[in-house]
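> Pasting the sequence and the predicted model now:
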Amino acid sequence: MNLQELKNQAYKLSVSERLELMNAIIQSLQHELRPRSDIKGAVERMRGLAKTDAPPPTDTEVEVMLEERLIEKYLK
């Protein structure tokens, strides 16, 4: 059954049956999307692990690092 046929069948259901169908679809989506939100939560919890006592690099230092990386990548 394709999507259009499914939509047509949904209109034939009673209001309570359509609500039940909607609930089932929402639950199935929540089960599929839940692992992604767990990954996001893990990333948020780990955010501070890479912190150092050193101050962040200045714009000039970042430009130098980028230039060095590009030289390393394309000229070596």
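On my side now, so go ahead. Numbering: from 1, shown residues only.
> Distance from the helix ranked longest in the chain to the middle of the chain?
Once the chain is assigned using DSSP state H, the helix that runs over the most residues is helix 15-46. Distance of helix 15-46 from the chain centroid (CA atoms, centre = their mean, to the nearest Å) equals 13 Å.
> Next secondary structure after the helix or strand of the chain with the lowest mean pLDDT?
Least confident helix or strand, the chain: helix 15-46 with a mean of 81, by mean pLDDT, DSSP states H and E. Per DSSP states H and E, helix 15-46 leads on to helix 59-75 as the next helix or strand towards the C-terminus.
> Count the residues that sit near residue 53.
4 (other CB atoms under 10 Å). Where C-beta positions appear, they are placed from N, C-alpha and C, glycine not excepted.
> repeat for residue 21
14.
> tell me the contacts of it?
Taking CB atoms under 8 Å, 6 or more residues apart in numbering as the criterion, residue 21 is in contact with 10, 13.
> May I have stretch 6-21 exported as CSV, CA atoms only?
Taking C-alpha atoms only, stretch 6-21 is exported to CSV below (Å, rounded to 0.1, in the frame of the first residue of the first chain):
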residue,chain,number,x,y,z
LEU,A,6,-3.0,4.8,3.3
LYS,A,7,-4.2,8.4,3.5
ASN,A,8,-7.5,7.4,1.7
GLN,A,9,-8.0,4.5,4.1
ALA,A,10,-7.4,6.8,7.1
TYR,A,11,-10.3,9.1,6.1
LYS,A,12,-12.6,6.0,6.2
LEU,A,13,-11.8,5.5,9.9
SER,A,14,-13.9,6.9,12.7
VAL,A,15,-12.5,9.8,14.7
SER,A,16,-11.5,7.6,17.6
GLU,A,17,-9.8,5.2,15.2
ARG,A,18,-7.9,8.0,13.5
LEU,A,19,-6.8,9.3,16.9
GLU,A,20,-5.6,5.8,17.8
LEU,A,21,-3.7,5.6,14.5
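> how far does it sit from the chain's center?
With CA atoms, centre = their mean, you get 31 Å for stretch 6-21.
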